[in-house]
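Colleague: Need coordinates for the following:
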Amino acid sequence: MIEVVSGGLYTSMQDLGRYGYRRYGVPLSGAMDSYSARLANQLIGNFEGEAVMEITHIGPVLRFKNSTEIAITGAGFVPTLNDVEVSLNTRTYVPKDGILKFGLPGYGLRAYLSVLGGFNSEKKLGSYSQYFGITKKETIEKGDSFVLKPHKGKPHTATASFKVSKNHFSSNSIDVFAGPEFRLVSKSIQKKILETELTIGSESNRMAYILKGWNGVSAQEIITAPVQPGTVQLTPSGQCLVLMRDAQTTGGYARILQLTESSINSISQKRAGTVLHFKLIDYPS
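Modeller: Numbering: from 1, shown residues only. Sure, this is the predicted structure:
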């Protein structure tokens, strides 16, 4: 069992998403950086869709009531176990009554904690992902506790580790495809959209990133149409919205661009104030 001594800033339980319910208006949710979430489970030997703890900017403090193994991936936190630094992207043994702390990340925004066997947390509509209105809570709080699933298979004897490219966190070039309404705006606006640097606003969250900098750029509203994580919307007032994992399922703003899965993972690791730009790529043939 794991006890939450401190919940951190916005710590939540996530997996790879809640599929099959979009027709009812249920968001996909899931780990903002699915690449790092998958890696955390792979390092520990879990199924890649097991629940992981998503840790955002300020990490939690956790007490392990039983010995186990963990892996931490994603942002450059400097976690400590019983006040001894723990390496990222590797499997680590945790003794009974071990205290895990995170502090602040030196780079990136979100980290992912996996445990051997997985978290036996609340599962609703086929997913462990916490989301307001679906699960009892949308974040992990002080006083919460989580039972761990029994590990199936032989005990691990080797120490797995993985080197992650810093480009995943540092690149400010965001690959995008043309969205359904991209060709409906003028060539001059298309050019400005792709050449203007944008800044991530402080209002950004798991539902949408707000990007600022498109002065004089706008698009008319459309008839409500499907949207998904990674859809870039342009409003009549010129606001740029990048929909993220908790985004709604339909929207009435022009869908001018669409992020790749890799780009969603990358932008989810960027903090407010980060400057970036879009790079238009072709659809795979």
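Colleague: Sketch out the strands for the stretch 151-285 of the chain, chain order is fine.
Modeller: Remark: strands assigned in the stretch 151-285 of the chain by DSSP state E, counting those that start in this stretch are 173-178, 198-200, 208-212, 225-226, 231-234, 240-243, 250-251, 254-259, 275-280.
Colleague: Residues touching the fifth one, excluding its own?
Modeller: This points to strand 231-234. Strand 231-234 is contacted by residues 176, 179, 181, 185, 193, 214, 217-219, 227, 240-243, 247, 251, 253-259, 278 when judged by C-beta atoms under 8 Å, 6 or more residues apart in numbering. Heads up, the C-betas are built off the backbone N, CA and C, glycines and all.
Colleague: Could you pick out the buried ones from those?
Modeller: Among the contacts of strand 231-234, those buried by neighbour count (16 or more other C-beta atoms under 10 Å) are 176, 179, 181, 185, 193, 214, 217, 219, 227, 240-243, 247, 251, 253-259, 278.
Colleague: would you turn the strands of the stretch 151-285 of the chain into CSV with distance to residue 76?
Modeller: As requested, these are exported to CSV (distance: least, C-beta to C-beta, whole Å):
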stretch, distance to residue 76
strand 173-178, 20
strand 198-200, 18
strand 208-212, 20
strand 225-226, 36
strand 231-234, 27
strand 240-243, 23
strand 250-251, 34
strand 254-259, 23
strand 275-280, 19
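Colleague: Tabulate those strands (JSON lines), appending distance to residue 118 and mean pLDDT.
Modeller: Formatted as JSON lines, these follow (distance: least, C-beta to C-beta, whole Å; pLDDT from 0 to 100):
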{"stretch": "strand 173-178", "distance to residue 118": "32", "mean pLDDT": "96"}
{"stretch": "strand 198-200", "distance to residue 118": "32", "mean pLDDT": "97"}
{"stretch": "strand 208-212", "distance to residue 118": "29", "mean pLDDT": "97"}
{"stretch": "strand 225-226", "distance to residue 118": "32", "mean pLDDT": "96"}
{"stretch": "strand 231-234", "distance to residue 118": "31", "mean pLDDT": "96"}
{"stretch": "strand 240-243", "distance to residue 118": "28", "mean pLDDT": "97"}
{"stretch": "strand 250-251", "distance to residue 118": "33", "mean pLDDT": "96"}
{"stretch": "strand 254-259", "distance to residue 118": "29", "mean pLDDT": "97"}
{"stretch": "strand 275-280", "distance to residue 118": "34", "mean pLDDT": "96"}
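Colleague: Nearest to residue 128, out of those?
Modeller: strand 240-243 (21.6 Å; C-beta to C-beta).
Colleague: Other residues contacting the closest one?
Modeller: 198, 207-214, 227-235, 251, 253, 259, 267.
Colleague: Pull up the pairing partners for that strand, direction included.
Modeller: strand 208-212 (antiparallel), strand 231-234 (antiparallel) (DSSP bridges).
Colleague: quick one: which of those is nearest residue 53?
Modeller: strand 208-212 (21.9 Å).
Colleague: what comes up buried for the closest one?
Modeller: 208-211.
Colleague: tell me the angle that strand makes with strand 254-259.
Modeller: Interaxial angle of strand 208-212 relative to strand 254-259 (axes from the mean of the first three to the mean of the last three C-alpha atoms, to 10 degrees): 100 degrees.
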